[in-house]
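# just the structure for this:
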Amino acid sequence: MKLYHGGLLKIEQPQIIEPSVLRTCDFGSGFYTTTDLEQAKRWAKIRQTRDRVSSGHVSIYEAPDDLLEATDLKRLIFASASTEWLSFVMSNRTNREFNHDYDLVAGPVANDRVYATLTLFETDQLSIAETVHRLKTYTLVNQVLFHAEKAIRKLRYLASERIQ
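The predicted structure is shown next:
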């Protein structure tokens, strides 16, 4: 399975990254990847814009085809936006004390449209059922979080593509 990481630098040796005080992440701390090259390019562009730099990189990795079924990893896999996914994302985004013990987490990316819906949910303008219903109408790209070193060791760096 090919996985991609979009950012400012090429990353030959992935590592656990802690979210900053100003930034929260859907699945918590770790190393984020996606199976979608275009999504990784968007992540690189977002970082370029945010940090006001002229270029970024998409790092490309190989992982075992059965990574999401690996029995030696504690995994949490969300097939789609669901009540459980929403609860997990909101816990990671709003509760600084929340920490999970999964080695690998995979599921939909909460993009800008999703964030708007999550904000409506967070401010009690949408019920959980209405929120999940709205989320299921969006085309969501996936993300794969490597939350533990033993999961990261399953990645093999292949190459990097410069993004301008």
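# give the contact list for Leu118.
Contact analysis of Leu118 by Cβ atoms under 8 Å, 6 or more residues apart in numbering lists 86, 89-90, 93, 110, 131. In short, each C-beta sits where N, CA and C put it, glycine included.
# measure it to Phe31 for me?
Distance of Leu118 to Phe31, given as Cβ to Cβ, to the nearest Å: 23 Å.
# all helices for this structure, in order.
For the chain, the helices defined by DSSP state H occupy 37-51, 83-94, 112-122, 128-136, 149-152.
# now the third one: mean pLDDT?
Throughout helix 112-122, pLDDT has a mean value of 75.
# where does the prediction get shaky in the chain?
19-23, 110-115, 136-140 (pLDDT under 70).
# same list (the contacts of Leu118) but as TSV, adding distance to Gly56 and neighbour count.
Rendered in TSV, the data for these read as follows (distance: Cβ to Cβ, whole Å; neighbours: other Cβ atoms under 10 Å):
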residue	distance to Gly56	neighbour count
Leu86	30	20
Val89	25	24
Met90	28	18
Arg93	24	20
Ala110	21	24
Thr131	32	21
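# from the residues you listed, which is closest to Cys25?
Out of the contacts of Leu118, the one with the shortest distance to Cys25 is Arg93. That distance is 7.6 Å, counting by Cβ to Cβ.
# let me see the contact set for that closest one.
Here Arg93 is in contact with 24-26, 118 (criterion: Cβ under 8 Å, 6+ apart).
# picking up where we left off before, of all the helices of the chain, which lies closest to Val58?
When these are compared by Cβ to Cβ, helix 37-51 sits nearest Val58, at 4.5 Å.
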